[in-house]
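Participant: sequence and predicted structure, then a few things I'm wondering about:
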Amino acid sequence: MDYLADRTKLIDASGIRKVFALAAQLDDPVNFSIGQPDFDVPDVVKDAAIDAIRKGYNKYSQTAGLEDVVACLKAKIAAEYGWDNPPLMITDGVSGGLLLAFMALINPGDEVIVQDPYFVMYKHLVRMLGGKCVYINTYPDFRLPVEKIEAAITDKTKLICLNSPANPTGAVYTEKEVNDIAQLAQQNNIIVLSDEIYEEFCYDAKNPSIGTYYDKAIILRGFSKSHAMTGWRLGYAAVSEKLAPLLDKMLMIQQYTFVCAPTPFQMAIPAAMECDTTAYVDQYHKKRDRMLEGLGKCFDITRPAGAFYMFIKAPDKYPNATAFVKKAIENNVLIIPGNVFSEQDTHFRISYVATDEKIEQGIKILCNLAM
Ligand code: PMP
């Protein structure tokens, strides 16, 4: 297929695709592969979007988003970080923000420091833009290894990516880790991108954000996970005044790509911001605890403190994690092999977004396979 652009050869979704192909053949599986919440968008938020559609908010908005809504988000960011009038734009999900930030920053040959395991999109977007991911191995405890990051910095380093709470590990960084990275980035004058899409899903301690410690940070947040609106495509990107030129360029690229985030859904953002989602988070907290208790008896698990994932070492009797995942799927449990999120194939990802009944079934089957 020589008509395809070279960049298409840099993307590979085969790992995940194989899991979904196998899944299609299963009857009522225990599905631990899902990366989105199982509750529905809260009614007040749905009502706000429906009302906006009825009132005619169905056209393009300004590139950065509807002015009043952008103002609400700016006020939140300004209060949180003490940034004065922070440049901010509404994006098409955090995915949109990632693409815009990478496009505005990465030249061919530039290096981007990424913790391994990582969220898949970082690897593929950076590669598509001709950049090079420099992977920092964070096994087995998935902490933020500041010394290793320091050792990986070269004169080509353009960006450090952080993701806390993390997909796929569920790790939440400590204040000290984030503060240390802030100092390192400051000393080396490197921009830090912080993907905080799971910020509400923290079970043991609040997520410390790099924006509190460093003003050359891009904060990406969204509503996909916190309000179960993955299909609404809403996120936002915020920076301090110091990075205003970067946000300007991201806006320019949005103008020629996404144009804007969906206008009627933007109108529901203030309702979403006011909506109390702690009951949902509490549910996942309980599921996390039950998974740790149940699977902890048969697997070597690093305690996840956030998001809704666990990243677990496959039992030693299997040659690699993919072999274990295959066995689990044959036994009706859907999990994702770790090499989808990593340069190594030793672990598997579980999402505990499942009913309590399925969680009990899944624990039993996985434990049996580990014995
Ligand atoms: N970042 C991380 C770490 C994610 O897990 C996801 C979704 N799986 C995204 C970004 C993208 O989310 P969205 O585009 O729906 O906001």
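Facilitator: It's in.
Participant: contacts and neighbour counts: CA atoms only from here.
Facilitator: Will do.
Participant: let me know the secondary structure of V112.
Facilitator: strand (DSSP: H, G, I helix; E, B strand; the rest coil).
Participant: show me the shaky parts of this protein.
Facilitator: Along the chain, segments meeting pLDDT under 70 span 14.
Participant: would you mind giving the domain segments of it?
Facilitator: 6-41+277-370, 44-274 (automatic domain parsing).
Participant: hmm, who's touching stretch 10-21?
Facilitator: Here stretch 10-21 makes contact (CA atoms under 8 Å, 6 or more residues apart in numbering) with H124, R127, M128, L334, I335, I336, P337, N339, V340.
Participant: what do you get if the cut-off is 7 Å, keeping everything else the same?
Facilitator: Residues from elsewhere that reach stretch 10-21 (CA atoms under 7 Å, 6 or more residues apart in numbering): H124, R127, M128, I336, V340.
Participant: one more: stretch 145-158?
Facilitator: With CA under 7 Å, 6+ apart as the test, stretch 145-158 has contacts from D110, E111, V112, I136, T138, D180, I181, I190, I191.
Participant: what's the farthest-apart pair in those residues?
Facilitator: Largest separation among the contacts of stretch 145-158 by CA to CA: D110 and D180, giving 23.1 Å.
Participant: got the contacts of stretch 10-21 as CSV, with neighbour count columns?
Facilitator: Shown next, in CSV, are these (neighbours: other CA atoms under 10 Å):
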residue, neighbour count
H124, 20
R127, 19
M128, 18
I336, 29
V340, 22
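Participant: inside strands: which ones of those?
Facilitator: The strands, defined by DSSP state E, take in I336 from the contacts of stretch 10-21.
Participant: quick one, what contacts the closest residue to the ligand within the stretch 251-371 of the chain?
Facilitator: Going by CA to the nearest ligand atom, the ligand is nearest to A307 of the stretch 251-371 of the chain, at 8.6 Å. When contacts are counted by CA under 7 Å, 6+ apart, A307 touches P165, A166, N167, G170, Y198, F201, C202.
Participant: for G65, see how far away it is.
Facilitator: According to CA to CA, to the nearest Å, A307 stands 27 Å off from G65.
Participant: how long is stretch 343-357 end to end?
Facilitator: End-to-end distance for stretch 343-357, by CA to CA: 33 Å.
Participant: that stretch close to the ligand?
Facilitator: No: using CA under 6 Å from any ligand atom, stretch 343-357 stays clear of the ligand, with a minimum separation of 11.1 Å.
Participant: how about the residues of the chain near the ligand?
Facilitator: Residues of the chain lying near the ligand (CA under 6 Å from any ligand atom): 35, 93-95, 119, 167, 195, 197, 222, 224, 230, 233, 235.
Participant: now the helices for the protein?
Facilitator: 14-24, 43-54, 67-81, 93-105, 120-128, 146-152, 175-188, 244-256, 263-266, 269-274, 278-296, 321-330, 356-370 (DSSP state H).
Participant: if you count neighbours, what's buried in the longest one?
Facilitator: Of the residues in helix 278-296, Y280, V281, Y284, H285, K287, R288, R290, M291, L292, G294, L295, G296 count as buried by neighbour count, 16 or more other CA atoms under 10 Å.
Participant: just flag the most distant two among those residues.
Facilitator: Y280 and G296, at 23.7 Å, using CA to CA across the buried residues of helix 278-296.
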